[in-house]
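# pasting a predicted model and its sequence here:
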Amino acid sequence: MRCFAPLLALCLSLPGLAVAEERAVPAGGGALALAIKTAGAGDTLRLGPGRHQGGLDITRPVTIDCAAGAEIDAGGQGSVLTLRAPEVTISGCTLTGSGSDHEALDSGIRLLKGADGARIIGNHLSGNLYGVDIHGARNAKVKGNTIEGRQDHRMNARGNAVYLWDARGAEVVGNDIRWGRDGIFVNTSHSNAFVGNRFRDLRFAVHFMYANKSEVRGNLSIGNHLGYAVMFSKGLRLLNNVSLGDAEHGIMLNYTNSSEVRGNLVRNGGDRCLFIYNAHKNRVTGNRFERCGIGVHFTAGSERNAISGNGFVGNRTQVKYVGSKWLDWSDGGIGNYWSDFAAYDLNGDGLADTPYRPNDSMDHILWTQPSARLLLGAPAVQLVKWAQSAFPALLPGGVIDKAPLMQPVDIAIPDWEVRHDG
């Protein structure tokens, strides 16, 4: 075997064949900058407790793993770490102190073009303008991080916790996100997965613009201005998400087409549980929309949507639809549950024996002329409402559910602390 020793030594000396090393990096001074500059491909840098100077570029595929108490601080200038190499891993670190430049997207961690396959795992990003910016990198994974945005700016002047632009194949899984502008903002990216994240104290929990063929699954939005805002996108799957107490909309589909919205729970929304605006060919099934101002607001010529198997429970107005067409909200003989419908089921098949019509012509008048509410108690108005209930042919068009359900779908609120593996 000794005859091969010189050959082995020669091989180990060749570029790209050296054995990866683990290197301890103490806090203070420029130790981290030097370690990054001199690291070889595949090396692991283990950061000791204390403050490490940030504002650094990573141009080699390395792992930065932090001990408890290790903090990387950019000192208020630029981004804390900027990744430009593939297969970089950042784990267990506290990252803080980015700058405040929106044009430069100052962030806790930036993944630029070429930083494909990055792994951002189990970090605490706090006090940065943006949390994680995935800007041109492919197949990144952002998992199990706590991301807390700046609180010294008004909400619209903050950055997004996770921002994706041209970032195909990203996975954002099991993160706890708070105090940014949007929790996840996706622009011109596709084929991504957003699974099991928690969002609080934000403008939008999830905000899509031109983001196709992606999945939003098992997320929890609590007390944000808006839960899940899906705009100008197609081929999406919104599955098993929860919106609790979001002020404006739980779910908004705006120019969203050919997508699936299934198994979601929206509860205690201040305005609308579901807002469908100029959205076409979507399947909205098996959701529960509960205790909102409006269960579903359906407008702007949305067509060829299948809406069935949902529960509309305790909303002040179940449906707001301003239009003259008749829309049948039953699909394949299955309609929806309506808590305000005094239904009966003589044959016991689980379906009401009469159709449900949530709105009449007086509703249309009130939506377009709110001051007409003063006349609601007038005998003439009551006569019109009675006539339309007794003679449905007098109705001007609207939503009709020909096969209402007798029981609503029941969706439990998941224990978010049980992290999702995706």
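Here it is on my side, so go on.
# now stretch 97-110: buried residues?
G97, S98, G99, S100, L105, D106, S107, G108, I109, R110 (16 or more other Cβ atoms under 10 Å). From N, CA and C alone the C-beta is placed, and that goes for glycine too.
# A211 is in what secondary structure piece?
Secondary structure assignment for A211, by DSSP states H and E: strand 204-212.
# sheet partners, orientation included, of that strand?
strand 182-190 (parallel), strand 226-234 (parallel) (DSSP bridges).
# next structured bit after the lowest-mean-pLDDT helix or strand in the chain?
Counting by mean pLDDT, DSSP states H and E, the chain has its least confident helix or strand at helix 5-13, which shows a mean of 47. Going down the chain from helix 5-13, the next helix or strand is strand 22-25, by DSSP H and E.
# ok, that next one: who's next to it in the sheet?
Here, using DSSP bridges, strand 22-25 pairs with strand 44-47 (parallel).
# what's the first-to-last distance across stretch 64-75?
One end of stretch 64-75 sits 19 Å from the other (Cα to Cα, to the nearest Å).
# so how far is that stretch from its chain's centroid?
Chain-centre distance of stretch 64-75: 28 Å, with Cα atoms, centre = their mean, to the nearest Å.
# ok, now stretch 218-228?
8 Å.
# do the same with stretch 184-201
Centroid separation for stretch 184-201 versus its chain: 4 Å, with Cα atoms, centre = their mean.
# R200: neighbouring residues, count only.
17 (other Cβ atoms under 10 Å).
# assess the claim that it and G180 are in contact.
No. With contact defined as Cβ atoms under 8 Å, R200 does not reach G180; the gap is 10.1 Å.
# picking that back up, quick one, which of the strands paired with strand 204-212 gets closest to R304.
strand 226-234 (13.2 Å; Cβ to Cβ).
# put the alpha carbons of that closest one into CSV.
C-alpha atoms of strand 226-234 as CSV (Å, rounded to 0.1, in the frame of the first residue of the first chain):
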residue,chain,number,x,y,z
LEU,A,226,-54.9,40.3,4.8
GLY,A,227,-54.2,36.6,4.9
TYR,A,228,-53.5,35.1,1.5
ALA,A,229,-53.5,37.5,-1.5
VAL,A,230,-53.1,35.7,-4.8
MET,A,231,-52.9,38.0,-7.8
PHE,A,232,-52.1,37.6,-11.5
SER,A,233,-51.2,33.9,-11.1
LYS,A,234,-52.4,30.5,-12.4
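# what's it in contact with?
With contacts defined as Cβ atoms under 8 Å, 6 or more residues apart in numbering, strand 226-234 is touched by 199, 203-214, 216, 219, 221, 236, 238, 241, 243, 246-259, 264, 266, 269.
# let's see 6 Å
204-212, 221, 243, 246, 248-258 (Cβ atoms under 6 Å, 6 or more residues apart in numbering).
# which of those residues are buried?
Counted by 16+ other Cβ under 10 Å, the contacts of strand 226-234 give 204-209, 211-212, 221, 243, 246, 248-257 as buried.
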